[in-house]
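Need a 3D model of the sequence below.
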Amino acid sequence: MPSRGGKERENNIPGASLSLPRSEYRVVLDIFEGPMDLLMHLIRKEKINIYDIPIAKITDQYLAFLETMTTLNLDITSEFLVMAATLIYLKSQTLLSPKEPHEEEEFEERKKELVDRLVEYQQYKEAAEYLLHLANEHSRIFPRPPLLDQPDSLPGGDLFIPGEVGIFDLVLAFRNVLQAHQQTQEPPIPLKIDTIDIKDKIEQILVFLQLYRSAHFEELLEGRYERYNMVVTFLALLEMARTGIIHLQQLTPFGKILISITPGDMKYLA
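Predicted coordinates for the structure are as follows:
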């Protein structure tokens, strides 16, 4: 990916304050609405009926997602961990030999409780999306940032609509890249890298997208498979998606993510 050259430009890019010591950086984001949001995202991506959740599969995906968030130093709230414990318990019960009647009853109660919570959450979510849609249709006084203009692109991901991508999709794409290259030996780390400068990474990505119009997520990591550089690039993309600088497209569930500059945001290159 082309590197930024020339004199230092004025600090006019969102996220510029995210330059932190490499050994201490930790990102706290409010775009992850909670464990129920993540579970609904996984269920919808898999096109699974809420009442027939494959506990083992969803648990594995949920835990893999949390592992990726840990790799990225994204703060994980206690709510995510409580849900993880619940899923692990349910998965363990599905793997056990025939259970005693009281154990089977407890398992079914815990699973029903989870399903009921998901159904209730889905109902509230759909109601909120409908109200947001009405607000967007009937009010133009306070327009929202680009990523929030439509109810199908709410932070955290929602019902999959071809072409729409949420933050969860971006994290899952990063997880896939990590998995694909986990067997690749990383090159030696330079002797001294004191800071992680997401502002400069955002500028590099913007210049690249201006030259080539669009790029797949994996292309932006090309030649930078050292974990440190991958994390920096991902955090830059996450910030750009959060602030609406870039537009994300995905034609199929879990497919490749195409990234382009949001129309009207070329000003950040000035």
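
contacts and neighbour counts: CA atoms only from here.
Will do.

And the helices in the stretch 101-250 of the chain, which stretches?
101-138, 167-180, 198-212, 217-220, 227-243 (DSSP state H, counting those that start in this stretch).

neighbours around Val119, how many?
By the measure other C-alpha atoms under 10 Å, the count of residues near Val119 is 15.

could you measure it against Glu126, distance?
Distance of Val119 to Glu126, given as C-alpha to C-alpha, to the nearest Å: 11 Å.

Give me the below-cutoff pLDDT ranges for this structure.
The model of the chain has pLDDT under 70 over residues 1-33, 128-165, 181-196, 222-226, 253-254, 264-270.

let's see it at 90
In the predicted model of the chain, residues 1-54, 61, 64-81, 93-108, 117-201, 204, 210, 212-213, 216-258, 260-270 satisfy pLDDT under 90.

Now do the buried residues in stretch 114-124.
For stretch 114-124, the buried set under the neighbour-count rule, 16 or more other C-alpha atoms under 10 Å, comprises Leu114, Val115, Leu118, Gln122.

a markdown table for the residues you listed, including distance to Gln210?
Shown next, in a markdown table, are these (distance: C-alpha to C-alpha, whole Å):
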| residue | distance to Gln210 |
| --- | --- |
| Leu114 | 46 |
| Val115 | 46 |
| Leu118 | 42 |
| Gln122 | 39 |
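
Tell me which two in those residues are the farthest apart.
Using C-alpha to C-alpha, the buried residues of stretch 114-124 span at most 12.2 Å, a distance reached by Leu114 and Gln122.

Identify, from the buried residues of stretch 114-124, the entry nearest to Tyr89.
Distance to Tyr89, by C-alpha to C-alpha, is smallest for Leu114 among those, at 12.0 Å.

contacting residues around the closest one?
Contact criterion C-alpha atoms under 8 Å, 6 or more residues apart in numbering gives no residues in contact with Leu114.

cool, Leu118 as well?
With the criterion set at C-alpha under 8 Å, 6+ apart, Leu118 makes contact with Met36, Met40, Ile50.

out of those residues, who has the most neighbours?
Within the contacts of Leu118, most neighbours by other C-alpha under 10 Å means Met40, with 21 neighbours.

Could you list the residues in contact with stretch 100-113?
Contact with stretch 100-113 is made by Leu90, Gln93, as judged by C-alpha under 8 Å, 6+ apart.

Next, Lys57: secondary structure please.
With DSSP: H, G, I helix; E, B strand; the rest coil as the basis, Lys57 sits in helix.
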